[in-house]
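# Let's see this in three dimensions:
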Amino acid sequence: MPNVRRQSTLRASAVCAGISLHGGRQTRLVMNPAPPDTGLIFRRSDITDRHNLIHVTPESVTGVRNCTTISNAGGVDVSTIEHLLAALCAAGVDNLVVDLDGPELPALDGSAEPFLKLIEQVGLKRQAAARRYVRVLKPVKVSSGDAWARIEPAEGFELDVTIDFDDSAIGYQRLKMAPNVQAFRDRLASARTFARMHEVAALQEAGLSKGGSLENAVVVDGDEVLNPDGLRFDDEFVRHKALDLMGDMYLGGPILGRVTTMKSGHGLNHDLLAKLFATADAWDYITLPGAQALIAMMALKSRDRSDDDSAIAVPA
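Model (predicted):
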């Protein structure tokens with residue numbers, strides 16, 4: 001299928017293991033190649049008495065407190081999926097079965113970088129089926145108090161993320177970018193999840209963040225960053241929010257649209273995705289030209305704009 005962009009999976013399985021952020025247990029994850037049109041699926045290998053497959057779709061989301069959780073009809077769930085999904089979004093992985101021996105992904109270093117490195121180490125395999133994109137046709141917006149999120153038409157996938165915290169170590173930060181794989185690798189992948197010191201005790205009392213530490217999260221207390229090595233970027237906080245947003249939006253598949261958020265989190269991210277898909281005239285599915293077809297189209301456009309009638313060579 002040379003004239004359209006094609007679906008992708010991994011060339012081989014990729015494995016990692018580590019402590020889960022909220023559950024605090026050792027967890028092993030295996031990303032397995034999958035056939036065209038499989039989509040992204042989590043398989044709970046520790047569940048043997050009932051259906052253990054959980055499909056990555058907006059309808060599967062059952063929890064948005066401090067992370068994204070998806071579940072199947074039998075109540076089997078998997079949480080903290082957003083960092084892996086962000087890496088899969090950036091790399092363009094469409095089909096994958098992810099084996100997991102527990103209810104939560106390993107936190108690793110609190111970023112998406114270890115997942116991206118695994119994906120790039122094994123490489124991608126292009127598949128025969130066309131890749132289907134969600135094209136945004138008109139703006140859709142959701143809000144909660146002074147926080148809001150909007151998606152609107154754009155030629156590619158774009159992010160415009162703003163945060164504003166009272167903690168002076170974080171404060172007001174804004175990031176605008178088109179997160180292709182190179183930009184994601186350079187600017188977002190290594191940005192770590194973060195928490196404020198006064199929230200940590202409350203999270204642990206609620207049974208969350210049992211595996212959290214300065215090894216897998218940035219912790220701030222007022223104007224101070226408690227991690228001995230400091231930040232990876234001056235604006236690491238908004239970069240991580242953009243990373244989370246990428247992962248949350250990828251539950252709907254690859255998107256052609258600009259997503260703008262103000263003080264948003266997992267809850268509003270998923271509200272936005274749900275409202276988009278619930279608004280029938282706000283989106284449709286399309287395929288896009290493959291690389292060679294795109295080169296040819298660009299050459300034709302260039303020739304049409306030129307007064308020179310000489311032939312334009314198009315690479316084979």
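
# contacts and neighbour counts: CA atoms only from here.
Noted.

# After the helix or strand hosting Ile163, which helix or strand is next?
In the assignment (DSSP states H and E), Ile163 maps to strand 157-164. Downstream of strand 157-164, the next assigned helix or strand under DSSP H and E is strand 172-177.

# Paired strands for that following strand, with orientation please.
strand 157-164 (antiparallel) (DSSP bridges).

# ok, residues contacting the strand it pairs with?
The contact list for strand 157-164 (CA atoms under 8 Å, 6 or more residues apart in numbering) reads 170-179, 238, 241-242, 255-264.

# how far does it sit from the chain's center?
Strand 157-164 has its C-alpha centroid displaced from the chain centroid by 13 Å (CA atoms, centre = their mean, to the nearest Å).

# Then stretch 13-26?
That offset, for stretch 13-26, works out to 18 Å (CA atoms, centre = their mean).

# list the buried ones in it?
Residues 13-14, 17-26 are the ones in stretch 13-26 that count as buried (16 or more other CA atoms under 10 Å).

# Write a PyMOL command that selects only the buried members of the contacts of strand 157-164.
In PyMOL, a selection of the buried entries from those looks like this (16+ other CA under 10 Å):
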select buried, resi 170+172+173+174+179+238+241+242+255+256+257+258+259+260+261+262+263+264
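
# Quick one: the strands in the stretch 1-150 of the chain, in order.
6-10, 14-19, 26-33, 40-44, 53-55, 61-63, 69-71, 77-79, 96-100, 124-130, 133-136, 140-144, 147-152 (DSSP state E, counting those that start in this stretch).

# Nearest to Arg192, out of the ones you listed?
Taking CA to CA, strand 14-19 is the member of the strands of the stretch 1-150 of the chain nearest to Arg192, at 15.2 Å.

# if we can go back for a sec, just give me the least confident of the buried residues of stretch 13-26.
On pLDDT alone, His22 ranks lowest of these, at 80.

# Identify the residue nearest Glu152 in space, chain neighbours excluded?
Distances taken as CA to CA, 6 or more residues apart in numbering place Pro139 nearest to Glu152, at 4.1 Å, with adjacent residues excluded.

# Counting neighbours, what do you get for the one you found?
15 (other CA atoms under 10 Å).

# remind me which residues of the stretch 1-150 of the chain are low pLDDT?
Applying pLDDT under 70 to the stretch 1-150 of the chain flags residues 1-2.
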